[in-house]
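> 3D model of this:
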Amino acid sequence: MSGIRHFIVGSLCLALATPASAWIHDRDANKIDDRIEQVQTVGVASAHEKNDVSRRRTIALFEDELRVDGSFEYGIYIGFDRRPTEADEDTLSELGFQSIKTYQFIDYIRARGSFAQIQQAAQLGSVTRVEAIPMVYATNHYGSRIVRARDSRGLNAAQAYSLFPSAHAELGLDGTGIVIAVLDSGVNDEMDSVNPTYVGHESLAGKFLGGGEFFLGDPLLNTPADSSINPQDKGSYHGTHVAGSALGTGGPSGYLAGVAPKARLVDCKVLSDAGLGFGSADGVEWCILNKDRMWAGLSGADTIYAGVDVLSLSL
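This is a model prediction of the structure:
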């Protein structure tokens with residue numbers, strides 16, 4: 001199978017480059033995200049839900065790491081009216097931006113900089129907008145019985161509701177040959193590096209094919225496209241929960257199996273162990289670059305599990 005066919009997305013707020021005047025977060029059409037300007041005008045509280053610093057952060061803001069001049073930095077996406085070039089990277093570097101990363105499939109560069117630098121970037125003729133990177137958080141709602149992948153009640157058809165067909169029983173859909181990339185906080189599918197007595201969740205053991213880490217806030221620390229590591233979730237366990245909903249076998253009994261129990265896993269850690277972050281776009285790009293990859297260890301009949309078919313982002 002080639003190509004990523006489906007996206008299951010909770011919230012990935014990275015828009016395509018469009019004229020600034022048409023963008024909901026730039027009411028004054030000056031190419032700078034109004035949320036950034038709000039922080040500059042009102043203060044740090046406006047970068048939190050309900051303007052309350054005790055609530056969740058809404059955009060990537062680094063007020064704990066003040067610059068020499070006393071200002072703080074923003075994590076931003078810089079949109080261009082064409083595909084960005086190395087010359088564009090050099091220009092942003094000369095302006096003082098840090099953590100510069102050019103995306104290969106969208107007309108954006110990710111960077112980190114001060115408000116003064118953002119104002120300078122917005123004046124560049126090829127820049128369409130400077131957008132605050134939204135913070136994303138883990139979320140999960142539905143199980144396999146609710147979406148009718150499995151019978152709604154009971155262990156067999158005689159005990160189940162029968163108003164609609166079960167994707168497993170009536171349609172024979174169980175995920176065979178499908179590879180699901182879970183972009184989340186990491187999946188505990190093998191021995192825990194911190195707690196060696198934990199050998200991985202029984203519903204996800206043997207599922208892993210490949211993966212990477214993209215949550216550290218610095219593109220230079222991302223797993224390269226031609227590499228693969230198996231991340232772990234040492235905090236929220238949300239990634240393990242989501243993976244179980246998507247492709248868990250349900251353990252020996254199979255009773256709590258996921259939507260596609262015969263699918264395999266690509267594990268991309270885009271959230272920290274605390275369950276928040278802004279590595280989603282980087283993880284998506286890594287998956288696209290590996291959409292046809294023959295994962296290490298596949299042979300014979302298992303080669304049907306090459307590449308990536310589905311991206312799951314419960315964010």
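> So what's the predicted local confidence for the closest residue to R56 other than its chain neighbours?
For R56, ignoring the flanking residues on the chain, the nearest one in space by CB to CB, 6 or more residues apart in numbering is E49 at 5.1 Å. The way it works is simple: take the backbone N, C-alpha and C, and place the C-beta from them, glycine included. We have a pLDDT of 96 for E49.
> W295 too?
Looking at W295, its pLDDT reads 98.
> these two touch, right, V308 and V182?
No: in this structure, V308 is not within contact of V182 by CB atoms under 8 Å, at 10.7 Å.
> Please identify which of the two sits among more neighbours.
V182 (32 against 28; other CB atoms under 10 Å).
> Can you verify that one is assigned to a strand?
Yes: looking at V182 with DSSP: H, G, I helix; E, B strand; the rest coil, it is inside a strand.
> Verify the stated contact: it with R264.
No: using CB under 8 Å as the test, V182 is too far from R264 to be in contact (11.0 Å).
> Now do the contacts for N230.
The contact partners of N230, taken as CB atoms under 8 Å, 6 or more residues apart in numbering, are 189-190, 208, 211, 267.
> mind checking pLDDT for it?
pLDDT, N230: 95.
> got it, and the one 10 residues further on?
On pLDDT, T240 comes in at 92.
> next one: S166
Among the per-residue scores, S166 shows a pLDDT of 75.
> Can you tell me the element it falls in?
For S166, there is no host helix or strand (DSSP states H and E).
> residues near G235, how many?
14.
> Please apply the same query to K262.
16.
> what pLDDT does it get?
Reading off the model, K262 has pLDDT 96.
> Pretty sure it sits against G175.
Yes: assessed by CB under 8 Å, K262 is found in contact with G175 at 4.5 Å.
> Need the overlap of contacts for these two.
Common neighbours of K262 and G175, using CB under 8 Å, 6+ apart, are L247.
> Show me where the stretch 151-300 of the chain has its helices.
Along the stretch 151-300 of the chain, the segments classed as helices by DSSP state H, counting those that start in this stretch run 238-247, 280-289.
> least reliable of those going by mean pLDDT?
Across the helices of the stretch 151-300 of the chain, helix 238-247 has the smallest mean pLDDT, namely a mean of 92.
> Does anything pack onto it? Which helices or strands?
Applying 3 or more CB pairs under 8 Å, 6 or more residues apart in numbering; DSSP states H and E, we find helix 238-247 packed against strand 179-184, strand 264-269.
> could you dump those strands to CSV with distance to R110?
Formatted as CSV, the entries for the helices and strands packed on helix 238-247 read as follows, by distance: least, CB to CB, whole Å:
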stretch, distance to R110
strand 179-184, 16
strand 264-269, 16
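> how about these, which one is nearest G258?
Nearest to G258 among the helices and strands packed on helix 238-247 is strand 179-184 (9.4 Å), distances taken as CB to CB.
> So what are the sheet partners of that closest one and their directions?
Each strand paired with strand 179-184, and its direction, by DSSP bridges: strand 264-269 (parallel), strand 310-313 (parallel).
> that older thread, looking at the helices and strands packed on helix 238-247, which is nearest to H201?
Shortest distance between H201 and these, using CB to CB, is found for strand 264-269: 11.0 Å.
> Need the contact partners of the closest one.
For strand 264-269, contacts defined as CB under 8 Å, 6+ apart pick out 178-187, 189, 204, 207-215, 230-233, 239, 243, 247, 279, 283, 286-287, 290, 305, 308.
> Endpoint to endpoint, stretch 184-199 covers what distance?
One end of stretch 184-199 to the other measures 20 Å (CA to CA, to the nearest Å).
> Can you mark which positions in that stretch are buried?
Using 16 or more other CB atoms under 10 Å as the test for burial, stretch 184-199 gives 184-190.
> same thing with stretch 232-247?
Under 16+ other CB under 10 Å, the buried positions of stretch 232-247 are 232-233, 236-247.
> Test my guess that G239 contacts L271.
Yes: G239 is within contact range of L271, at 7.5 Å (criterion: CB under 8 Å).
> Okay, now the unreliable bits of the stretch 151-300 of the chain?
Applying pLDDT under 70 to the stretch 151-300 of the chain flags residues 151-165.
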